[in-house]
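A.B. asks: below are the sequence and a predicted model; questions follow.
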Amino acid sequence: MNEQIQQKTIDLARGLFLVRYNGAEDKTSPPVVRVYADRASLNNCNIITGPDAANGTLFAPETALVVSVARPSRLIVEVTAGRAGGSTAANIKIEPLTQGQPAVQPIGQPAGQPFDTYEPETGPEELNALKLLAHVAGLGDVTVGPNTWIAGPAAPARIEGISLEWPNKPRDLNLQYAVKFARPQRGDNQFVPLGTFAGTRGRALAITGFSLEATGPGADRYAIAAETIFLGAPALRVTGNRIEVSGPSGREPLVGLKLSLEEHRVQAAPLAPRQPTRAEPTPVIPRQEAPRLDGRVRVFRSRQNAVKTAG
């Protein structure tokens, strides 16, 4: 293996992402960072740089490029030492770019009713706004959308902390979550609200258990779906408005996590067709049946240094 080069494979969902080279351990000859799509993802993943820049290459810290993903793809981040015997430790962050959602007056809402009293029905756009951040050993902070693996089957790695963000969640719903470790830690197995980091950074302590709960008046309308992989155990999928997962013995590190949120909807069946009318002097009102209801900081550590978890 070439000690002057390190590679990481990142799974990206559909969207637009900023890849930022924040810093390097070697200030004199910083490593060069190259970003490119996996061979199987070439048609779905586009690297965007300036017109005069080398495609997909960041030569020094404080530089960035954009990745456009049409379908879920794998991105390869390759770090090469800037000189012979140099360090490959680099601080790289991948974060999603979004333009938000336009504020549109809902059809049928009274003109005098203010927007802040209107609670729109949750749709796919709102559910897709849920973001999962995880602190991963050897990568740092990684952020993904729903139904996207962090670490996981393709690139398992110890997950040491998590945080959930949902900026436009419904007002009648709250999410809280907790993590636990093989050895008791401060804050172990204590639920925290959205936007709060649960776990550790830089202490090499892998999560061994994870709980997530939907609360509030609207909790019954939603189901949490979680897929997890614990070291040495097969992938596990659980659903419900409260989930709790761990490995077979409760001490296996969490090395893969994928989350999503689904809304339960009750849909009305279409109206029964009207009975045909006959041409008679007295009009006949056709009978109509009533409707029926069917119920990204990535930290590369040089292999020449002691192994430390990125923070």
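C.D. replies: That came through fine.

A.B. asks: residue contacts, Gly152?
C.D. replies: Counting by Cβ atoms under 8 Å, 6 or more residues apart in numbering, Gly152 touches Asp11, Ile229, Val255, Gly256, Leu257, Lys258. Where you see a C-beta, it was placed from the backbone N, CA and C, and this is true even at glycine.

A.B. asks: list the residues that contact the fourth one.
C.D. replies: If I follow you right, that is Gly256. By Cβ under 8 Å, 6+ apart, the contact list for Gly256 reads Trp149, Ile150, Ala151, Gly152, Pro153, Pro156, Ile159, Glu227, Thr228, Ile229, Ala235.

A.B. asks: now swap in Thr98 and tell me
C.D. replies: Applying Cβ under 8 Å, 6+ apart, the residues contacting Thr98 are Gly15, Leu16.

A.B. asks: please tell me how far it sits from Arg183.
C.D. replies: Thr98 is 38 Å from Arg183, where distance means Cβ to Cβ, to the nearest Å.

A.B. asks: quick one: which of the contacts of Gly256 is nearest Gly202?
C.D. replies: Ile159 (14.0 Å; Cβ to Cβ).

A.B. asks: my guess is the closest one contacts Leu257. True?
C.D. replies: Yes: when contacts are counted by Cβ atoms under 8 Å, Ile159 is listed as touching Leu257 (5.9 Å).

A.B. asks: who's more crowded, those two?
C.D. replies: Ile159 (27 against 23; other Cβ atoms under 10 Å).

A.B. asks: who is that one paired with across the strands?
C.D. replies: Beta-bridge partners of Ile159, counted by DSSP bridges, are Val136.

A.B. asks: Lys258 now?
C.D. replies: Per DSSP bridges, the residues bridged to Lys258 are Glu227.

A.B. asks: how close does Arg183 get to Glu213?
C.D. replies: Look at Arg183 and Glu213: by Cβ to Cβ, they are 24 Å apart.

A.B. asks: tell me where the stretch 51-200 of the chain has strands.
C.D. replies: Secondary structure of the stretch 51-200 of the chain by DSSP state E, counting those that start in this stretch: the strands cover 57-58, 63-69, 73-80, 90-97, 131-136, 140-144, 150-151, 159-165, 174-181, 192-193, 198-199.

A.B. asks: sheet partners, orientation included, of the first one?
C.D. replies: Within its sheet, and counting by DSSP bridges, strand 57-58 is paired with strand 32-37 (antiparallel).

A.B. asks: next SSE after the partner strand?
C.D. replies: Using DSSP states H and E, the helix or strand that follows strand 32-37 towards the C-terminus is strand 45-48.

A.B. asks: list the buried ones in that next one?
C.D. replies: The neighbour-count check on strand 45-48 (16 or more other Cβ atoms under 10 Å) flags Cys45, Ile47 as buried.

A.B. asks: what does that strand contact?
C.D. replies: 12, 35-38, 55-56, 65-70, 73-75.

A.B. asks: can you give the distance of it from its chain's centre?
C.D. replies: 20 Å (Cα atoms, centre = their mean, to the nearest Å).

A.B. asks: and if you look at stretch 56-66?
C.D. replies: Computed by Cα atoms, centre = their mean, the separation of stretch 56-66 from the middle of its chain amounts to 23 Å.

A.B. asks: CA atoms of that stretch as CSV?
C.D. replies: Taking Å, rounded to 0.1, in the frame of the first residue of the first chain, the C-alpha atoms of stretch 56-66 are listed here in CSV:
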residue,chain,number,x,y,z
GLY,A,56,-11.7,17.7,-9.2
THR,A,57,-8.3,18.7,-7.7
LEU,A,58,-7.8,21.0,-4.6
PHE,A,59,-4.2,21.9,-4.3
ALA,A,60,-4.2,23.7,-0.9
PRO,A,61,-6.4,24.5,2.1
GLU,A,62,-9.1,27.2,1.8
THR,A,63,-10.3,25.8,-1.6
ALA,A,64,-13.5,24.1,-2.6
LEU,A,65,-15.5,22.6,-5.4
VAL,A,66,-19.1,21.5,-6.0
